[in-house]
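J.: just to be clear, the model below is a prediction. Sequence and coordinates:
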Amino acid sequence: MKTIRYIFGIGLLFLFLGYGCKRDKMESYAVEKVHPHPDSLLAQFTNIVKKGSSGWHATLIPKSGGIYSLFFKLDPSGKLLNMIDLDDNSAKKAKEGSYTLTATANQAVLSFSEGTYLDVITHKEGFRTMSADTSYSFRYASADTIVLLGNRNGDELKLVNIPAAQIQSYESGLLSHSLTSLSEYMEQKNFHSFHLSGVGDIELSIDSANRTAFFFYGVNGLPKMETNQFYYGINQVLLKYPTRIGSHLIKGFSYNPTQKTYAVLSNGANLDLRGTNSPTVPLHLLLGNGLAPYVSLPSPKLIQALPNWSTDFGAIFEESSQKLSTIGAGFLMLSFAFNIETQQMSLNVLFSLSGNVYQGSYPHSYTKTKDGVYKFTALPLNPLIVVQGNANIIKAHMEPVLALVKTDQFSLTTFEVGTAFLAQMTSIERPNIYFTGYPLSPDDIL
């Protein structure tokens, strides 16, 4: 799935993340309970369905997870046209079906025939593939809104009657345009952010395949992330439930088709969503929190020379390279690998010897100020761990680099290169020592 992207020359980074959003209770709807007698339920249900326009916008929340946007056109004779925001085709090409309104012993029921887009909303139960509910009991109504509950899975279906102008918008394919416009907008730049007062910049990443939005930011120098699922509307993308960041409630994103821009819907206001080549949230809040937790430096002689290496740092790297060459080894790469949960950093050295590539790993703990200044402390090597045993063998040869990491503190910033960026680390004590590296693992570079 797609989160924050990193693109520079050799690669595209995808970080896979899970979900983490909470569900509001049904009581959040402004509703009134209907009469419990099934015949009265059916009469009221039928009246609501047939007295308004034939067009309905629906949101489906399957019990198995996710949320979907649908358009129903209900003919009084029982015929049905429907669309869904699954993909470009299903959002503009209507399927035909039928519906019935019936009363059971306790409920008024809305049922859909086979062949609607409800059939393609599936999930696994053991070895079985289950589709979304097609039979729903009438639960609540308020004005032009009906809330129903699936009779098999417990899926939630909310119907909102819409006027003729909105019906025309769906029939003209504007729901499909919402899907394509979001993808096109997010492809224009590598990063997208907005500003919240009292919080700061928020990086937004959209995973269209899994219909999930990610919000990356910091609080008191600590990385934070919120996730939420979303669905599409006409010229908007709405979150499953509002996401709270600080005192702000984010409901989704609105699209301006004239300017072809997006705005963030927060606390009733539209906040500009900006596209940039590098993140606006400080990099130390994103490594391991949207971006891969690495700063990797390929050898300028053996792999690739990166820009913005100071002369003094180049000399330190070269000194270690020369020392390794005395045993026939080639210094291929230096990589800072961060574990933000344990606040440990493994300083990994990739080197070639006798036609093979080996890794030596020097474990460190670290502290970090809220402004992103790192201080590393070397931890004892355990020669029983293979990569640390390798590190012990070449320790004397790596001393110029190890001494720098041990004695100096470092800031972490970005360095833009064309339409992409590199991570830059700069010594606090000796500002003449600085270098850039990829925010990628060595495996993504070699």
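T.: Nice, I can see it.

J.: from here on, just use CA atoms for contacts and neighbour counts.
T.: Noted.

J.: now find how far off-centre the host helix or strand of residue 179 is within its chain.
T.: Per DSSP states H and E, residue 179 falls inside helix 174-188. Here helix 174-188 is found 16 Å from its chain centre; the criterion is Cα atoms, centre = their mean, to the nearest Å.

J.: buried residues in that helix?
T.: 174-179, 181-182, 186 (16 or more other Cα atoms under 10 Å).

J.: and for stretch 251-258?
T.: 251-255.

J.: which outside residues touch it?
T.: 230, 235-239, 241-243, 261-266, 270 (Cα atoms under 8 Å, 6 or more residues apart in numbering).

J.: now stretch 376-395: mean pLDDT?
T.: Mean pLDDT, computed over stretch 376-395, is 97.

J.: returning to that earlier point: quick one: which of the buried residues of stretch 251-258 sit in strands?
T.: The members of the buried residues of stretch 251-258 that map onto strands under DSSP state E are 251-255.

J.: mind putting these into JSON lines with pLDDT?
T.: Formatted as JSON lines, these follow (pLDDT from 0 to 100):
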{"residue": "251", "pLDDT": "98"}
{"residue": "252", "pLDDT": "98"}
{"residue": "253", "pLDDT": "98"}
{"residue": "254", "pLDDT": "97"}
{"residue": "255", "pLDDT": "97"}
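
J.: restricting to C-alpha, output the helix or strand where residue 377 lies in PDB.
T.: Residue 377 is part of strand 373-378, with elements assigned from DSSP H and E. Output in PDB follows, covering the C-alpha atoms of strand 373-378 (Å, rounded to 0.1, in the frame of the first residue of the first chain):
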ATOM      1  CA  VAL A 373      19.700  16.500  17.600                       C
ATOM      2  CA  TYR A 374      21.000  12.900  18.000                       C
ATOM      3  CA  LYS A 375      23.700  11.700  20.400                       C
ATOM      4  CA  PHE A 376      24.900   8.100  19.900                       C
ATOM      5  CA  THR A 377      26.500   5.800  22.500                       C
ATOM      6  CA  ALA A 378      28.300   2.700  21.400                       C
END
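
J.: how about residues contacting that strand?
T.: Counting by Cα under 8 Å, 6+ apart, 345, 362-368, 405-406, 408-412 sit against strand 373-378.

J.: now the ones in strands among the buried residues of stretch 251-258 in JSON lines, with distance to residue 211?
T.: Shown next, in JSON lines, are these (distance: Cα to Cα, whole Å):
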{"residue": "251", "distance to residue 211": "15"}
{"residue": "252", "distance to residue 211": "12"}
{"residue": "253", "distance to residue 211": "13"}
{"residue": "254", "distance to residue 211": "16"}
{"residue": "255", "distance to residue 211": "17"}
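
J.: all strands of the stretch 201-350 of the chain, in order?
T.: With strands called from DSSP state E, counting those that start in this stretch, the stretch 201-350 of the chain shows them at 212-219, 222-233, 236-245, 248-256, 261-266, 269-272, 274-276, 294-298, 329-339, 344-353.

J.: out of those strands, which one sits most buried?
T.: strand 294-298 (a mean of 24; mean count of other Cα atoms under 10 Å).

J.: and the average pLDDT for that one is what?
T.: Computed over strand 294-298, the average pLDDT equals 98.

J.: output that strand as PDB - backbone C-alpha positions only.
T.: C-alpha atoms of strand 294-298 as PDB (Å, rounded to 0.1, in the frame of the first residue of the first chain):
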ATOM      1  CA  TYR A 294      17.600   4.500   7.500                       C
ATOM      2  CA  VAL A 295      20.200   7.000   6.300                       C
ATOM      3  CA  SER A 296      22.400   5.000   3.900                       C
ATOM      4  CA  LEU A 297      25.600   6.300   2.400                       C
ATOM      5  CA  PRO A 298      26.900   4.400  -0.700                       C
END
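
J.: hmm, who's touching it?
T.: Residues contacting strand 294-298 (Cα under 8 Å, 6+ apart): 287-288, 304-306, 332-338, 423, 436-442.

J.: and stretch 387-402, by the same measure?
T.: Taking Cα under 8 Å, 6+ apart as the rule, stretch 387-402 contacts 316-317, 319-320, 323-324, 349, 358-362, 381-383.

J.: now do the buried residues in that stretch.
T.: Neighbour-count burial for stretch 387-402 [16+ other Cα under 10 Å]: 387-392, 394-395, 397-398, 400-402.

J.: buried among the contacts of stretch 387-402? Need that as a selection in ChimeraX.
T.: Command for ChimeraX that selects the buried part of the contacts of stretch 387-402, burial taken from 16+ other Cα under 10 Å:
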select :316,317,319,320,323,324,349,358,359,360,361,362,381
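
J.: between the contacts of stretch 251-258, which sits nearest residue 146?
T.: Nearest to residue 146 among these, counting by Cα to Cα, is residue 241 at 18.3 Å.

J.: so where's the protein uncertain?
T.: 1-38, 41, 50-52 (pLDDT under 70).

J.: how close does the residue nearest to the spatial centre of it sit to residue 61?
T.: Centroid-nearest residue in the chain: residue 214, 3.6 Å away (criterion: Cα atoms, centre = their mean). Distance, residue 214 to residue 61, by Cα to Cα, to the nearest Å: 20 Å.

J.: now swap in residue 256 and tell me
T.: Taken as Cα to Cα, the span from residue 256 to residue 61 is 27 Å.

J.: then residue 204?
T.: 23 Å.

J.: any idea how the protein splits into domains?
T.: 31-172, 175-285, 294-444 (automatic domain parsing).

J.: for the closest residue to residue 223 other than its chain neighbours, grab the count of nearby residues.
T.: Excluding the flanking residues, the one nearest residue 223 by Cα to Cα, 6 or more residues apart in numbering is residue 285, at 4.7 Å. By other Cα atoms under 10 Å, the residues close to residue 285 number 24.

J.: is residue 285 in contact with residue 219, as I believe?
T.: No. In this structure residue 285 lies outside contact range of residue 219 using Cα atoms under 8 Å: 9.3 Å.

J.: enumerate every residue touching residue 319.
T.: residue 400.

J.: 10 Å instead, please
T.: 313, 325, 397-401 (Cα atoms under 10 Å, 6 or more residues apart in numbering).

J.: can I get those residues in a markdown table with secondary structure?
T.: A markdown table is the format used below for the contacts of residue 319 (DSSP: H, G, I helix; E, B strand; the rest coil):
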| residue | secondary structure |
| --- | --- |
| 313 | helix |
| 325 | helix |
| 397 | coil |
| 398 | coil |
| 399 | helix |
| 400 | helix |
| 401 | helix |
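
J.: now stretch 420-431, how far from the chain's geometric center?
T.: With Cα atoms, centre = their mean, you get 27 Å for stretch 420-431.

J.: what sits against residue 164?
T.: Residue 164 touches 53-55, counting by Cα under 10 Å, 6+ apart.
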